[in-house]
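*Asks:* next come a sequence and a model predicted from it.
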Amino acid sequence: MRIIRTKDYNSMSRYAAKFMAAQIILKPDSVLGLATGSTPIGAYKQLIEWCKDGDLDFSSVKTVNLDEYCGLSGDHDQSYRYFMNQNLFNHLNIDMNNTNVPNGIASDLQAECKRYDELIKSIGGVDLQLLGIGHNGHIGFNEPNTEFDKNTHVVDLKQSTIDANARFFKSKDDVPKQALTMGNKPIMSARKILLVVSGSEKRDILERALYGPVTPEVPASLLQMHNDLTVVCCVD
Ligand code: GLP
């Protein structure tokens, strides 16, 4: 595990963007696992800038996102598909057909989970998985006490996650109660993982994840078992 502590959010974002850019330069047809949440936005902005300047080429890159709310279509402004289009994809020279987010309005959600796992395998697995961490230690939407060997699945969101994500919705009642998420298994199968963490309110959960026991109570603690994990954080 490599831990990079940066002085502020901007330096954290810049480091994360450089790490991702290096991946794309070394392997132009990389499969990137991408995350939503407020933490990666700065890194996404930097990648957009480099792409616009012609320094980074996304034309052969493929992406798979971690998760999506159940019941929200891709054009709903709180869906993760919408978030990714707005904050990244629309500004890159990426082929939209190469960008993947679970379909939260699939008529058969179990079949959608299976399709997603097969899709990840069919494109060769994830080269670099970007992750954030939830206040309760969740990664993607793998909530505390999820089995470590889960594939993509439907989750009932914990009240603490609904509360934390309510800031993006008109009211708490509008936050979906369920989501589709890549499970711990496909996440841990990524060849490299980059975890970005920002804010002093995340310091305790980050410490538990990195130095505490590996336990389903803290889903991110599983990352200790990954053989190529880089953490870039500003939590002081
Ligand atoms: C959501 C996402 C996670 C993300 C988390 C933290 O719950 N499903 O992938 O890591 O939010 O978000 P933030 O970066 O805004 O704290």
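*Replies:* Structure's in. What do you need?

*Asks:* show me which residues of the helix or strand of the chain with the lowest mean pLDDT are buried.
*Replies:* In the chain, the helix or strand scored least confidently by mean pLDDT, DSSP states H and E is helix 159-165, which has a mean of 91. Neighbour-count burial for helix 159-165 flags Thr161, Ile162, Ala164, Asn165 (criterion: 16 or more other Cβ atoms under 10 Å). From N, CA and C alone the C-beta is placed, and that goes for glycine too.

*Asks:* how far does the helix or strand hosting Ile120 sit from the chain's center?
*Replies:* Element membership of Ile120 [criterion: DSSP states H and E] is helix 109-122. Put simply, helix 109-122 sits 17 Å off its chain's centre (Cα atoms, centre = their mean, to the nearest Å).

*Asks:* for the helix or strand following it, name the packing helices and strands.
*Replies:* The helix or strand immediately downstream of helix 109-122 is strand 128-131, counting by DSSP H and E. Packing contacts for strand 128-131, counted by 3 or more Cβ pairs under 8 Å, 6 or more residues apart in numbering; DSSP states H and E, involve helix 9-26, strand 31-34, strand 192-198.

*Asks:* for those, which one sits closest to the ligand?
*Replies:* Closest to the ligand of these, according to Cβ to the nearest ligand atom: strand 192-198, at 7.3 Å.

*Asks:* a markdown table for the buried residues of helix 159-165, including distance to the ligand?
*Replies:* Converted to a markdown table, these look like this (distance: Cβ to the nearest ligand atom, whole Å):
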| residue | distance to the ligand |
| --- | --- |
| Thr161 | 6 |
| Ile162 | 10 |
| Ala164 | 7 |
| Asn165 | 6 |
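
*Asks:* which of the residues you listed sits closest to Leu180?
*Replies:* Checking the buried residues of helix 159-165 against Leu180 with Cβ to Cβ, the nearest one is Thr161 at 14.0 Å.

*Asks:* circling back to that earlier point, ok, then the element right after the least confident helix or strand of the chain?
*Replies:* Assigned by DSSP H and E, the successor of helix 159-165 is strand 178-181.

*Asks:* contacts for that following strand, please.
*Replies:* Strand 178-181 is contacted from outside by 66-71, 102-104, 109, 112-113, 116, 140-142, 152-157, using Cβ atoms under 8 Å, 6 or more residues apart in numbering.

*Asks:* for it, which strands pair with it and how are they oriented?
*Replies:* Strands that pair with strand 178-181, judged by DSSP bridges, come out as strand 67-69 (antiparallel), strand 153-156 (antiparallel).
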